[in-house]
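Engineer: Build me a structure from this.
(chains A and B)
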2 protein chains.
Amino acid sequence: MSDLVFDLIKTDDQARLGTLMTAHGTIDTPAFMPVGTAATVKAMTPEAVRETGAQIILGNTYHLMLRPGAERVERFGGLHKFMNWSGPILTDSGGFQIMSLAELRKLDEDGVTFRSHVDGTHHKLTPERSVQIQHMLDSNITMVLDECTPFPATEEEATTSMQLSMRWAERCRTAFQRREGYGLFGIVQGGIYADLRERSAKALTQIGFDGYAVGGLAVGEGRELMFTTLDVTVPHLPADRPRYLMGVGKPEDLVGAVRRGIDMFDCVLPTRSGRTDQAFTRRGTLNMRNARHRDDPHSIDPDCNCYVCKNYSRGYINHLIMAKEILAAMLLTWHNLHYYQELMQGMRDAIADGGFELFAEAFAAEQAAGDIDPV
Amino acid sequence: MSDLVFDLIKTDDQARLGTLMTAHGTIDTPAFMPVGTAATVKAMTPEAVRETGAQIILGNTYHLMLRPGAERVERFGGLHKFMNWSGPILTDSGGFQIMSLAELRKLDEDGVTFRSHVDGTHHKLTPERSVQIQHMLDSNITMVLDECTPFPATEEEATTSMQLSMRWAERCRTAFQRREGYGLFGIVQGGIYADLRERSAKALTQIGFDGYAVGGLAVGEGRELMFTTLDVTVPHLPADRPRYLMGVGKPEDLVGAVRRGIDMFDCVLPTRSGRTDQAFTRRGTLNMRNARHRDDPHSIDPDCNCYVCKNYSRGYINHLIMAKEILAAMLLTWHNLHYYQELMQGMRDAIADGGFELFAEAFAAEQAAGDIDPV
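Structural biologist: Okay, the predicted model is just below:
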C-alpha cells in the first residue's frame, strides 16, 4: 500500500505506460523531469517549463540545503510556493552532489560530513537529515540517501558500498513520514555487478518503497554497460511501482531505457546544452554557434512546433549567441526541454499503440540520418 | 502632411495625451520605449515585453549595423520579423553609440568613420547611410544622424556642433523614403544654450519632420539643467507632432519631462537595473541583493500587479541573485519594465482626467516616503 498511486496502463514488451498521482498533480510515464537545481529550471519561467510539456521537475537537496537553506524554504511554504511551480517535485537526497561538489568529504556509517562549496561552512548529512530536509522542502518524491558507487569499482568495493546504501535506505524508510500524495523511493546500487544489483533490488523491495530508482549509472561506464546493468536490475523490481533511472540522459539513452522498463528520468543535458549553444533535434544536436546558421531563416527544426521554432530562425539564435544575449540561453533551453518532452510523448503514444519497437527503430534511423538541412 | 498620424487627444497645461499610428500599430503617448539594443530586450521574450504594457521598442543602429548587419536583417524580412516583435520599432541613428563605444572615431562634414568595438573592422556612417540602414531594418521611426554635443561645451562648440547636425538633418530628410506608417524624426541640439536650442528647433521645423526629438541631454548636465533646457526648447516645437526626449530617464525625469510637454522616452535604466539587482517601486529603488530581503515573503511591491509581484517573493528573488541564476535578471527586468509602463499609464490617465499636477505631486510624495516595508 503506497501513498503515491501508480497506475500501470499498458505494457509493450518491457516498455510501460502509466500514471503516477501526487499531491500536486499527475505525471504521465515514461516521464522526463527537467532539473531545477537551485529552485529554478535555469533560464526558464515555471510557465515556460510547463509549456514545454513538463509535469514534474527535480530539485537538488545539496544545493537547496546550503542556499537558501531547507528551513528557509519551509518558512516560505515549501519549494512549490517558493519557486512558483505548482506541479509535482522530486528531490534527490544530496548524496550524489556532495560526492561531486563538496569539499573535505568524510563518509562513515552514520552519514557524510562535508564543507559547502558555497560558503565553506561544515555540514553533516545523514539518512534521517536528508529525509527531514526533503520533507521541509515539501518534495512529493523523496529519494533515500545512498552512496553512489564510483565507476570503476571492484566487486568488493561495490558490495561494501551497496550494503551501506541498503542500511541507509532502511533508516530513510523509518524516518520518512508517510502522507497521501507523497512518497519515498529506494535506490538500487551495486555497480555493474549483476548479483549485487539483484541483491540490492531485493533488499529494497523487502523494505518496501513507493518507487525504485536505479542509481550509480551514467557515471562513466558507457551506454552498453548501462543497458546491460538495466537488463539485470529491472526484472528484480516490483512491476506495480514506478522505476526511475537517475541522471540519464541523452535521447538515445532514454529510448533504450524505456525499452528496458524504466518510467522516469532526469538529466541536466537539455538545460545545460541550452546554455552552451546546443540544440537537440530528431536528427541529432546542432551547434547553434556555428557560422553556417548565420543566414539561415529556418527554425531549428522546421517540424518542431515549440514556441522557439514557431517564432525564431536559426540565424536569429546564432546572432543572440554571438552577441552574448541572455535570450539565447532562454530560447535554446526552451526548445531542448520541448524536444525531450516531445520524445517522451512519442514514446508514450507508441506504447499506447503497441508500437514501441517501431518507434525506437524510426528514432534510431532519424538520429543516424544526419543534420536537418531545411534549405 | 506626415506619414505617421499623430492625434493630440488632450492637453493638461503642458502635458499631452495622444496616439501615434505606425504601420505596425498604435502607440499611446506619453510612451516609454524599452531598449532592445541588439535585436532583443535583454532577458525578455517579446511576449513578456508586450505583457509589461510596452507598445514600441527601440533598436540601436550602431549595434545592429555591426552585428548581425543591416543587410542581413533585411534579408530576414526586417527587424520586426527577425526578433519576433510585431509592434512598432524606433531606431536611433547610430551616432550616439559611435561616440560612446567605437574606437578611432573621426568626424567630418561628410559623416563619421570609426572602428567596430565588436571585431575591429572599419566603418563609415553618413546621414544617408544611417537612413538607409534604418530603412533596411524596417524601422517605423527613423532618427536623423546628429552629433550629440558633449557636456560641458562652450557656446561656440555647441553652435558649430548644432549647425553640423542641422545640415545632416536636411541630408537625412532628403535621403528618407516616405512610406505610410513610417516616419523620420529630427533631433534638436544646442547644448544648454537657449538661443541655440531655439535656432535648432526652428531649423528642423523649417525642414519638416514627422516628430521632433530633444537630444544632447542626460549627458551629465543634471536634472535641473535638463528641465531648464526643455523649458526653452519645447515651446519652439510644433504642437501637432510627437516630441521625444532621448535616453531619459529615471521615473522622476519622466514625470518632469511629461509636465514639460514630452511625449516619448527611451532609457536602458529599467532593463540594465534588472540585471544589476535593482527593483523600481513607487517608493524608490530596492537593492534586491540586500540580505534584509532574504526572509521576506512579500513581493517587491505588494500593490504591484505584474507577473513577478503576483508570483514571487523578495526572498526568492534575493535567493536567485545570490545563486547567480539567469531568472533573477529575467524577473527584475520584467518588473522594472512593468513599473515604467504603469508610470506612463498613470500619467496618461491623469492627463485624460485633467489631473496631471495632482498626479505629479502624489508621485513625488510617494518617492520621498522611503522604502516600502510591507511587514
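Engineer: And the strands in the stretch 101-250 of chain A?
Structural biologist: For the stretch 101-250 of chain A, applying DSSP state E, counting those that start in this stretch gives strands covering A:103-107, A:112-115, A:122-125, A:141-143, A:183-188, A:211-214, A:243-245.
Engineer: which residues touch the first one?
Structural biologist: Think strand A:103-107. Strand A:103-107 is contacted from outside by A:Ile98, A:Met99, A:Val112, A:Thr113, A:Phe114, A:Arg115, A:Ser116, A:His117, A:Gly120, A:His122, A:Glu147, using Cβ atoms under 8 Å, 6 or more residues apart in numbering or on different chains. Where you see a C-beta, it was placed from the backbone N, CA and C, and this is true even at glycine.
Engineer: Farthest pair within those residues?
Structural biologist: Greatest spatial distance among the contacts of strand A:103-107 (Cβ to Cβ): A:Gly120 and A:Glu147, at 23.7 Å.
Engineer: Next, count neighbours for the closest residue to A:Ala201 other than its chain neighbours.
Structural biologist: The spatially closest residue to A:Ala201, leaving aside those adjacent along the chain, is A:His236, at 3.7 Å (Cβ to Cβ, 6 or more residues apart in numbering or on different chains). When neighbours are counted by other Cβ atoms under 10 Å in any protein chain shown, A:His236 registers 17.
Engineer: any idea of the pLDDT on the closest residue to A:Leu90 other than its chain neighbours?
Structural biologist: Using Cβ to Cβ, 6+ apart and skipping the chain neighbours, the partner closest in space to A:Leu90 is A:Ile141 (3.9 Å). Note on A:Ile141: pLDDT of 98.
Engineer: Wait, A:Ile141 touches A:Phe185, no?
Structural biologist: Yes - between A:Ile141 and A:Phe185 there is a contact under Cβ atoms under 8 Å: 5.9 Å.
Engineer: Now the common contact residues for these two.
Structural biologist: Residues touching both A:Ile141 and A:Phe185 by Cβ under 8 Å, 6+ apart: A:Leu90, A:Asp210, A:Gly211.
Engineer: want to try TSV for the residues you listed, with pLDDT as columns?
Structural biologist: Formatted as TSV, the shared contacts of A:Ile141 and A:Phe185 follow (pLDDT from 0 to 100):
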residue	pLDDT
A:Leu90	98
A:Asp210	98
A:Gly211	98
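Engineer: and of those residues, the nearest to chain B?
Structural biologist: A:Leu90 (19.8 Å; Cβ to the nearest Cβ).
Engineer: what's that closest one sitting at in phi/psi?
Structural biologist: Main-chain torsions, A:Leu90, degrees, to the nearest 10: phi -110, psi 140.
Engineer: Tell me what it is bridged to.
Structural biologist: Beta bridges link A:Leu90 to A:Leu58, A:Ile141, judged by DSSP bridges.
Engineer: So for the closest residue to A:Asp295 other than its chain neighbours, what's the pLDDT?
Structural biologist: Of all residues not flanking A:Asp295 in the chain, A:Gly315 sits nearest, at 5.7 Å (Cβ to Cβ, 6+ apart). Per-residue pLDDT puts A:Gly315 at 98.
Engineer: Run a quick neighbour tally on A:Gly315.
Structural biologist: 21.
Engineer: how about the strands of the stretch 101-250 of chain A, which one is nearest A:Val41?
Structural biologist: Each of these has some distance to A:Val41 by Cβ to Cβ; the shortest is strand A:141-143, at 16.7 Å.
Engineer: what angle separates the helix ranked longest in chain A from helix B:326-352?
Structural biologist: In chain A, with assignment by DSSP state H, the single longest helix is helix A:326-352. Angle, helix A:326-352 to helix B:326-352, by axes from the mean of the first three to the mean of the last three Cα atoms, to 10 degrees: 110 degrees.
Engineer: C-terminal to helix A:326-352, what's the next element?
Structural biologist: The helix or strand immediately downstream of helix A:326-352 is helix A:356-368, counting by DSSP states H and E.
Engineer: What average pLDDT does that next one get?
Structural biologist: Averaging pLDDT along helix A:356-368 yields 96.
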